[in-house]
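K.L.:
can you look at this prediction? I've put the sequence above it.
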Amino acid sequence: MWNACSFSALFFVFAAGASAQITSGQQKIPWNTKFNIPVAPTGLAIPPLPDHPVEFDTAEGQEIRVVVVTKELDYPFALAFLPDGGMLITERTGQIRLVRNGVLDPKPVAGGPVAIWTGESGLPTAIHGYMDIALHPKFAENHFIYLTYTKPLPGGKRTTAIARGVWNGSALTDVKDIFVLPGPSTSRIAFGSHGMLYMTTTGQDPQDPNTLGGKVLRLRDDGSVPPDNPFVGQTGHRPEVYALGIRSALGLALNPFNGEMWENENGPNGGDEINILKPGRNYGWPLVSYGRTYQGPWQVSPPGHAGYEAPIVIWNPAIAVSGMSFYNGDKFPKWKGDVFVGSLRTGEIPGTGHLERILFNDKWEELRREALLREFRQRIREVRQGPDGLIYVLTDANPGALLRIEPAP
């Protein structure tokens with residue numbers, strides 16, 4: 001007579017016998033042996049951007065309209081707004097483009113430094129030519145524009161530099177490097193509330209305070225070291241270093257509400273973060289992380305930030321965070337105080353890029369987040385609030401686009 005015990009015993013015997021014949025049920029996936037990472041799938045097809053404005057509802061009841069300003073950019077990376085209403089856009093291909101009155105000047109801006117770039121954006125061998133761009137806080141007086149770029153060196157080598165030039169209304173003049181890294185890096189720059197220039201770096205040993213890779217640097221506007229930097233005068237520490245333990249920071253923004261400098265960075269396979277930068281703090285990479293290695297195991301087990309400065313926002317799976325901006329305008333009253341972050345792809349799947357909006361409480365603790373522009377499936381490289389209170393977005397593609405987000409009529 002069958003009962004539960006005899007059925008369980010029989011099932012155990014059957015399972016034990018079968019286990020000797022069954023191997024892993026996991027599918028075999030192609031592997032990039034050069035970089036020891038899985039080959040990304042084809043992903044989702046990216047549809048062409050619309051030629052007409054498109055309206056969307058959002059979670060906060062803030063109805064928006066998205067307008068494609070131009071679709072004629074080559075891997076755009078960053079943008080800056082001129083006081084006269086124009087926009088300067090950097091392209092990975094080593095050019096600066098000018099947009100006035102919603103029209104892209106067909107000729108690149110003259111006078112920029114020579115840069116080197118290679119590879120399709122997002123692939124392991126990609127090198128960015130021109131990267132971030134920023135106006136001096138006293139631009140109305142000195143007309144200084146700052147640019148990070150990949151600088152070619154003799155013998156086929158390269159590094160990363162900050163160049164400073166003078167804007168004459170149509171071109172850069174008197175361009176010179178004010179700071180040059182010892183090696184190549186991806187970089188963002190932003191001016192802080194006290195007029196200091198912050199620069200993110202990648203590479204080298206992020207935990208070694210005597211190197212400049214994997215750090216956030218803090219410089220004067222001429223590239224020299226401020227005397228109040230946290231490691232000035234300390235043996236075995238580079239005086240330019242402001243914070244360390246940074247992985248791959250692709251977003252840097254000044255919080256206009258309290259003067260803090262915020263940074264976002266890509267984790268390995270998960271563990272993307274937003275951090276509030278504090279002088280001399282260690283943000284953990286690669287000793288602590290909320291992400292997994294590309295081979296599957298946790299980067300650190302158990303994951304966490306015990307003894308290190310913790311992020312205020314994390315993503316797992318990763319969304320490949322990129323540009324970042326605070327909204328403090330009046331055109332979107334339900335978004336005031338929110339942070340916008342670009343996403344290049346979600347969960348390692350191409351064709352899943354979008355824009356994320358994060359709502360915080362009055363103590364800058366996350367309350368909720370919303371994914372926007374998912375329908376476009378674009379790699380979002382940059383997001384900035386314009387002086388008109390609207391939101392501008394760059395798509396990381398060739399051809400790439402400048403999008404404008406405005407309230408729906």
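P.N.:
Arrived safely.

K.L.:
got a pLDDT number for Glu23?
P.N.:
Slight slip there: residue 23 is Thr, not Glu. On pLDDT, Thr23 comes in at 61.

K.L.:
err, Gly233, not the other one
P.N.:
Turning to Gly233, the model gives it a pLDDT of 98.

K.L.:
nearest residue to it in space, please, no chain neighbours.
P.N.:
Pro239 (7.5 Å; C-beta to C-beta, 6 or more residues apart in numbering). Where you see a C-beta, it was placed from the backbone N, CA and C, and this is true even at glycine.

K.L.:
shouldn't that neighbour be in contact with Pro230?
P.N.:
No: applying C-beta atoms under 8 Å, one finds Pro239 not in contact with Pro230, separated by 9.1 Å.

K.L.:
could you list the low-confidence segments of the chain?
P.N.:
1-24 (pLDDT under 70).

K.L.:
run a quick neighbour tally on the residue lying closest to Asp57 once chain neighbours are set aside.
P.N.:
Nearest residue to Asp57 in three dimensions, chain neighbours excluded: Glu63, at 5.8 Å (C-beta to C-beta, 6+ apart). Using other C-beta atoms under 10 Å, Glu63 has 13 other residues around it.

K.L.:
residues contacting Glu63?
P.N.:
Glu55, Phe56, Asp57, Pro407, Ala408 (C-beta atoms under 8 Å, 6 or more residues apart in numbering).

K.L.:
for Tyr294, give me its contacts.
P.N.:
Counting by C-beta under 8 Å, 6+ apart, Tyr294 makes contact with Asn36, Ile37, Pro38, Pro268, Asn269.

K.L.:
distance of it from Thr42?
P.N.:
Separation of Tyr294 from Thr42 (C-beta to C-beta, to the nearest Å) stands at 18 Å.

K.L.:
now swap in Gly337 and tell me
P.N.:
39 Å.

K.L.:
which of the two has more neighbours?
P.N.:
Counted by other C-beta under 10 Å, Gly337 and Thr42 do not tie: Gly337 has more neighbours, with 15 against 8.

K.L.:
Arg164 is in contact with Tyr149, correct?
P.N.:
No: judged on C-beta under 8 Å, Tyr149 makes no contact with Arg164 at a distance of 11.6 Å.

K.L.:
give me the more crowded residue out of the two.
P.N.:
Tyr149 (28 against 22).

K.L.:
from Gly267, how far out is the more buried one?
P.N.:
Remark: distance between Tyr149 and Gly267 (C-beta to C-beta) = 26 Å.

K.L.:
do Pro279 as well
P.N.:
24 Å.
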